[in-house]
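Chemist: The following comprises the amino acid sequence and a computationally predicted model.
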Amino acid sequence: MSARITTEHLRRAAVVYVRQSTMAQVMGNLESQRRQYDLAGETQAKGFASVTVIDDDLGRSGSGRSERPGFERLVALVCSGEVGAVYCIEASRLARNGRDWHHLIDLCALAGSLVIDPDGAYDPRLVNDRLLLGLKGTMSEYELSLMRQRGIAARDAKAQRGEFRFMLSPGFCWNEEGRIEIDPDEHVADTIRLVFAKFREMGSARQVFLWNCRKPAG
């Protein structure tokens, strides 16, 4: 057992924070989920008084651009003083933006909670541990920025070659020549034409919406 984990920590709860960034990862990357959930067994083996698994943020990015009820719940538990340690398989699971990361680390320092990952146990109250946690958070944020840059570069390269395809509005599709056209389904095409005809007639998207709500079904 790490020397950082004291009897005082063990008398409190351990929290295992489980997160994956997208629903595609949730559905396809089951090994990552398994590794994260397995941390609960590790905390029990260490002898913590209780274990809480927070997995409300599966399918939610840690970039700070979307709400994370699970992270908010984690912060609330740490603030309560009932958490002895926060477990994660890597820093990026907790946050990929400096604001959330450093806010959590500050709260852990105030509450005397450890942050534990496969590399070791860190006490945010200790200068060296806090330095290492800061580096982990910075690297996680940089990694996200790097992935964004790679994605944008790949998108721009496809666009320059004329191969970039983006999601179209309902009623439109890409043809084999890479051009946008009305859906070949005649019913869909007639509906699209009718909507545009009504817009030209009424001159207002709101009036077209109201007309659509009033007209009989079928």
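Modeler: Nice, thanks for sending it over.

Chemist: Ramachandran coordinates for the residue nearest the centre of the chain?
Modeler: Nearest to the mean C-alpha position of the chain, by C-alpha atoms, centre = their mean, lies S61 at 1.6 Å. Dihedral angles of S61 (phi, psi; degrees, to the nearest 10) stand at phi -70, psi 150.

Chemist: And for A45, the neighbour number?
Modeler: A45 is flanked by 9 other residues according to other C-beta atoms under 10 Å. Every C-beta, even on glycine, is put in place using the N, C-alpha and C of the backbone.

Chemist: nope, P69 is what I meant
Modeler: 11.

Chemist: now do F209
Modeler: 13.

Chemist: and if you look at P184?
Modeler: What P184 shows, counting by other C-beta under 10 Å, is a neighbour count of 9.

Chemist: Need the three-state assignment for the closest residue to it other than its chain neighbours.
Modeler: Excluding its sequence neighbours, the residue lying closest to P184 (C-beta to C-beta, 6 or more residues apart in numbering) is C173, at 7.5 Å. Following DSSP: H, G, I helix; E, B strand; the rest coil, C173 is assigned to strand.

Chemist: Could you report the separation of C173 from T191?
Modeler: 14 Å (C-beta to C-beta, to the nearest Å).

Chemist: cool, S50 as well?
Modeler: From S50 over to T191 the distance is 57 Å, taken as C-beta to C-beta.

Chemist: Sticking with the closest residue to N97 other than its chain neighbours, tell me its helix or strand.
Modeler: Distance criterion C-beta to C-beta, 6+ apart; nearest residue to N97, sequence neighbours excluded, is G64 at 3.6 Å. In this structure, G64 sits in neither a helix nor a strand according to DSSP states H and E.
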